[in-house]
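A.B. asks: Got a predicted structure here, sequence first:
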Amino acid sequence: MKKILYMFLSAAALVGCSQDNDLAAESSVEDKAEQKEQSLNTQNDLDKYLEQKIAKPFNINILYRFTDNERYEGYSFVPTDYQKAIEFANVFHYLFIEPYVKIKGQNFLKEYSFSKIILVGEYAYEAGGTYVLGWASAGKKIHLLNINNLQSHNIYQLTSGPFQTLYHEVAHTWHQAKLYPTSFDRITASDYKYGNWTNLVHEEALKSGFIQPYCAYNADEDFVETIARYMVYYNAKQDCGCATTDQSRWGRAYRNQDLDSSVTDAQHLAANVTTDDTDANVAIYRAIPDGFDREQYTAWKAKFSNYGDASGTYYSTKVWEEELKKADEKIRPTETYTGKEKLEQKMVIIKKYLQDEWQLDLDVLRKEVRSRYPYVVGKDFEGNTVPRKDFSTLNLN
């Protein structure tokens, strides 16, 4: 499977797939050729770092120089800036390798991960107003584009871009080694669209039981993309600490006499009779998922900006439960379950599969990764200054 990740100039990021049946044979030959070519070059500090810190211990080769074997006909590639390659290598080690090794150990990552990352400086443009974000082949080889514009201290750019792709691709290696239960496939079996997934809008995808439209390509892509989105989205249950069973404190109870007896008739009228209520809190609170204190939840979301631009530019500022709230409808009247219920069923299967087959707690891994966010940004979630990691220099010790 060779996947091409697209970005339409007027739309959000998309992912497309095409078959590549000769991948395995090609990969072995290409690896040997690239290793021979690189061995003829005098190693600089980055080459030494990549070999000593990443390739040898984890069997992950990061290529930032072009080789003929890694070019795609019809595209003009821009080389990766040397300094940006250093920054990527450092961030990759800190945010990807170290958390996986801490939770599962070196051998796990060495055996069950992609084996090659090819860095490309800019997007590769196509006719028709699209440009390529990257390629990925069978969970083993990844082309990451636009590395020259990497912002190594912008956690939302990192997690909405290269790291979401990395989480997606590493999950492919897991299900290729040990199959996930067929019960996962059956949840949304009638709604997989394969090549027609691009016609699915986000709202319809959610109501169908897909966390984003590309999940409707097939069950394998659904499985890994659901994991990736779960990793990068905020999660109110885990991150907010504002859960409550007191329904009068829920968002939908705001000025709702049925759920909050303290609401006055005037407040009830203002919120429920007219559609042009000027109180902005009505819209804000009613968007909050059930089960959370509306004031604490709103204060929690206000802190997203302490990590950077939380205006919606980056999809990793989304909240998992808010997406599920949007999915809380049936895509068809004949359906037994809402999209939210289907997504919840999928996550139960995913977490149980990872725990039973790999002894991997997805929430523990997610927590470990996110515990590193402050040191990428230089601020903790509360906005306090903390030491920021220096990704601009290499540590060969």
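C.D. replies: In hand now; what should we look at? The model shown is predicted, which means the values in this text are computed figures rather than measured ones.
A.B. asks: C-alpha only now, for contacts and for neighbours.
C.D. replies: Fine.
A.B. asks: ranges for the strands of this protein?
C.D. replies: Listed in chain order, the strands of the chain (DSSP state E) span 2-8, 13-18, 61-63, 116-119, 124-126, 130-137, 141-144.
A.B. asks: rank these by pLDDT, which is bottom?
C.D. replies: Comparing mean pLDDT across these, the weakest is strand 13-18, with a mean of 38.
A.B. asks: relative to its centroid, which residue of the protein is most remote?
C.D. replies: No residue in the chain sits farther from the centre than residue 265, which is 44.7 Å out by Cα atoms, centre = their mean.
A.B. asks: what sits against that one?
C.D. replies: For residue 265, the contact set (Cα atoms under 8 Å, 6 or more residues apart in numbering) is empty.
A.B. asks: do you know how far it is from residue 255?
C.D. replies: 9 Å (Cα to Cα, to the nearest Å).
A.B. asks: Likewise for residue 136?
C.D. replies: For residue 136, the distance to residue 255 equals 49 Å [Cα to Cα].
A.B. asks: same question, residue 292
C.D. replies: Separation of residue 292 from residue 255 (Cα to Cα) stands at 16 Å.
A.B. asks: what about the two, which has more around it?
C.D. replies: residue 255 (26 against 23; other Cα atoms under 10 Å).
A.B. asks: you'd agree the more buried one is up against residue 267?
C.D. replies: Yes - between residue 255 and residue 267 there is a contact under Cα atoms under 8 Å: 5.6 Å.
A.B. asks: got any ranges where the stretch 51-200 of the chain has weak pLDDT?
C.D. replies: For the stretch 51-200 of the chain, the stretches with pLDDT under 70 are 67-75, 126-134, 138-139.
A.B. asks: How many residues are close by residue 104?
C.D. replies: Residue 104: 16 neighbours (other Cα under 10 Å).
A.B. asks: these two touch, right, it and residue 364?
C.D. replies: No - between residue 104 and residue 364 there is no contact under Cα under 8 Å: 10.6 Å.
A.B. asks: what's the overlap in contacts for the two?
C.D. replies: Counting by Cα under 8 Å, 6+ apart, residue 104 and residue 364 have no common neighbour.
A.B. asks: Excluding chain neighbours, what is closest to the most centrally placed residue in the chain?
C.D. replies: With distances taken as Cα atoms, centre = their mean, residue 164 lies nearest the centre of the chain, 3.1 Å away. Excluding the flanking residues, the one nearest residue 164 by Cα to Cα, 6 or more residues apart in numbering is residue 228, at 5.6 Å.
A.B. asks: Now do the contacts for the one you found.
C.D. replies: 164, 165, 167, 168.
A.B. asks: so the first one touches residue 229, yeah?
C.D. replies: Spelled out, it's residue 164. Yes - contact criterion Cα under 8 Å: residue 164 and residue 229 qualify, at 7.1 Å.
A.B. asks: Counting neighbours, what do you get for residue 339?
C.D. replies: 28.
A.B. asks: and it, how far is that from residue 114?
C.D. replies: From residue 339 to residue 114 the distance is 31 Å (Cα to Cα).
A.B. asks: Could you do residue 243 as well?
C.D. replies: Counting by Cα to Cα, the gap from residue 243 to residue 114 is 38 Å.
A.B. asks: Repeat that for residue 317.
C.D. replies: Taking Cα to Cα, one finds residue 317 at 26 Å from residue 114.
A.B. asks: before we move on, what about residue 164?
C.D. replies: 14 Å.
A.B. asks: Please apply the same query to residue 362.
C.D. replies: 19 Å.
A.B. asks: can you check residue 287 too?
C.D. replies: Counting by Cα to Cα, the gap from residue 287 to residue 114 is 39 Å.
A.B. asks: Then residue 93?
C.D. replies: Applying Cα to Cα, the value for residue 93 to residue 114 is 14 Å.
A.B. asks: Look at the two and report which has more neighbours.
C.D. replies: Higher neighbour count among residue 93 and residue 114: residue 114, with 25 against 16, using other Cα under 10 Å.
A.B. asks: and the more buried one, what is it in contact with?
C.D. replies: Residue 114 neighbours (Cα under 8 Å, 6+ apart): 60, 139, 140, 141, 142, 169, 170, 173.
A.B. asks: Dump these into JSON lines; add distance to residue 87 and neighbour count as well.
C.D. replies: Output for the contacts of residue 114, formatted as JSON lines (distance: Cα to Cα, whole Å; neighbours: other Cα atoms under 10 Å):
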{"residue": "60", "distance to residue 87": "17", "neighbour count": "22"}
{"residue": "139", "distance to residue 87": "23", "neighbour count": "23"}
{"residue": "140", "distance to residue 87": "22", "neighbour count": "22"}
{"residue": "141", "distance to residue 87": "20", "neighbour count": "22"}
{"residue": "142", "distance to residue 87": "18", "neighbour count": "24"}
{"residue": "169", "distance to residue 87": "21", "neighbour count": "24"}
{"residue": "170", "distance to residue 87": "21", "neighbour count": "20"}
{"residue": "173", "distance to residue 87": "26", "neighbour count": "18"}
